[in-house]
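Participant: No letters, just coordinates:
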Ligand code: GMP
C-alpha cells in the first residue's frame, strides 16, 4: 500500500488523538458494542479519514473509536471492510497499516463465524489458533515496503501463543467457556454449500467466515502481535436443516455479547 496514503491518514488521526494507541481492535458483525465501552471516546467516521474506504454492510457502523479501555489506550474499528463488498485486499487492510503507523503493538481481531467443528454450538467463543486462507489471494501481493516488513513474512505463529494463553486464563477466571480452533476464510458473499463445509472439516477447519485473514496477514507482516476471537454465530451449512441467514448471525452475536465484552476487557486489562 502506498506509504504516502498511510502516512496521510495517520497524520490526520494523530491530530485528533491525544496519545498514541497501543492496542488495536477490529470488531466483527454484531460485536461493535465493545466500542461503546471505550471511555473518553473520540469517534471518527471512516468517511472523515483521508484514504479510508467506507463500509456498506448492515450491522457494521463504520467508524474508528479511540480512547481508554481498562487503562489501555486503544483504537477500535467499529465495522470492517470485507473483500466481498468489492474492495481490494489492499483496501480491506489499509486500516491495519494506519493503526500500525499510529503505533499499535497488538491487534485483537474479532468476527462472527460459522461453526464447522461438530462439538461447537452457536454462541460459543473460539480463540483462533491458526487460519487457512481460501480467499485465493493475499493482501501483500504487489510491491513490498521493506520498512514495514519482509517480502516473505513468516506465519508460523500468526496468532500469538502468549496472547492465546492469556485469553484462556482470562476466560477461566471469568468462568467463560472458550473453544480454540482454526479459522478458514472464504470470500463469500454466498455461504458455503454442505459439500464445501465437509471439505473444510477434512482440511482441518473449525470455523468459517469471510474476514480476518487479510488483516492478520498484514498485521503479522508489520510485526504486530495478534489475538483472534470468533463468535460462533451459527452452525455451518448442512449441519442443520435450517438455511443460513445473516439475521441469525447478528442475533447470536447480540446474545453472547456480555461474555464477549467481559473476555475482551479482561484480556486488554492484562
Ligand atoms: O453472515 C455473514 C457474515 O458473518 C460474514 O461477514 C461472515 O464473515 C460471517 N459468517 C457468519 N457465519 C458464517 C458462515 O457460516 N460462513 C461464512 N463464510 N461466513 C459466516
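Facilitator: Here it is on my side, so go on. Here the structure is a predicted model, which is why all the values come from computation and not from measurement.
Participant: could you point out the longest helix in the protein?
Facilitator: helix 246-269 (DSSP state H).
Participant: where exactly do the helices run in the stretch 101-250 of the chain?
Facilitator: With DSSP state H, counting those that start in this stretch as the criterion, the stretch 101-250 of the chain has helices at 161-174, 194-203, 213-221, 246-269.
Participant: Now do the longest helix of the chain and helix 161-174, the angle between them.
Facilitator: Helix 246-269 runs at 100 degrees relative to helix 161-174, counting by axes from the mean of the first three to the mean of the last three CA atoms, to 10 degrees.
Participant: Per-residue confidence, the closest residue to the ligand within the stretch 1-150 of the chain, what does it come out as?
Facilitator: Closest approach between the stretch 1-150 of the chain and the ligand, counting by CB to the nearest ligand atom: residue 114, at 2.1 Å. No exception for glycine: its C-beta is placed from N, CA and C like everyone else's. Listed pLDDT for residue 114 reads 98.
Participant: in the longest helix of the chain, what counts as buried?
Facilitator: Neighbour counts over helix 246-269 (16 or more other CB atoms under 10 Å) mark 246, 248-250, 252-253, 256-257, 259-260, 263-268 as buried.
Participant: and if you look at stretch 89-107?
Facilitator: Residues of stretch 89-107 classed as buried: 89-104, 106-107 (neighbour count, 16+ other CB under 10 Å).
Participant: hang on, the earlier thing: so what's the residue of the stretch 1-150 of the chain closest to the ligand up against?
Facilitator: 191-192, 197, 207-209, 232-237, 244 (CB atoms under 8 Å, 6 or more residues apart in numbering).
Participant: List, out of those, those positioned next to the ligand.
Facilitator: Applying CB under 6 Å from any ligand atom, the subset of these adjacent to the ligand comprises 191-192, 208-209, 233-234, 236, 244.
Participant: got a list of what the residue nearest in space to the middle of the chain touches?
Facilitator: Centroid-nearest residue in the chain: residue 109, 2.9 Å away (criterion: CA atoms, centre = their mean). Residues counted as contacts of residue 109 (CB under 8 Å, 6+ apart) are 25-26, 28, 128, 212, 215-216, 219, 226-229.
Participant: Which of those residues fall within strands?
Facilitator: Among the contacts of residue 109, DSSP state E puts 25-26, 128, 226-229 in strands.
Participant: how about the residues of the stretch 101-250 of the chain near the ligand?
Facilitator: Residues of the stretch 101-250 of the chain lying near the ligand (CB under 6 Å from any ligand atom): 111-114, 186, 188, 191-192, 208-211, 233-234, 236, 244, 246, 249.
Participant: now with 5 Å?
Facilitator: Contact residues (CB under 5 Å from any ligand atom) of the stretch 101-250 of the chain with the ligand: 112, 114, 186, 191, 208-211, 233, 236, 246, 249.
Participant: tell me which of the residues you listed is nearest to the ligand?
Facilitator: When these are compared against the ligand (criterion: CB to the nearest ligand atom), the nearest one is residue 114, at 2.1 Å.
Participant: before we move on, the earlier item: so in terms of bridging, what pairs with the residue of the stretch 1-150 of the chain closest to the ligand?
Facilitator: Assessed by DSSP bridges, residue 114 has beta-bridge partners residue 208, residue 234.
Participant: Distance-wise, check it relative to residue 81.
Facilitator: Distance of residue 114 to residue 81, computed by CB to CB, to the nearest Å: 20 Å.
Participant: now swap in residue 87 and tell me
Facilitator: 5 Å.
Participant: So these two - more neighbours on which side?
Facilitator: The neighbour comparison of residue 87 against residue 81 (other CB atoms under 10 Å) goes to residue 81, with 29 against 18.
Participant: In space, what's closest to the more buried one - neighbours in sequence excluded?
Facilitator: Counting by CB to CB, 6 or more residues apart in numbering, residue 92 is the residue found nearest to residue 81 once chain neighbours are left out, at 4.6 Å.
Participant: tell me the least confident of the contacts of residue 109?
Facilitator: residue 28 (88).
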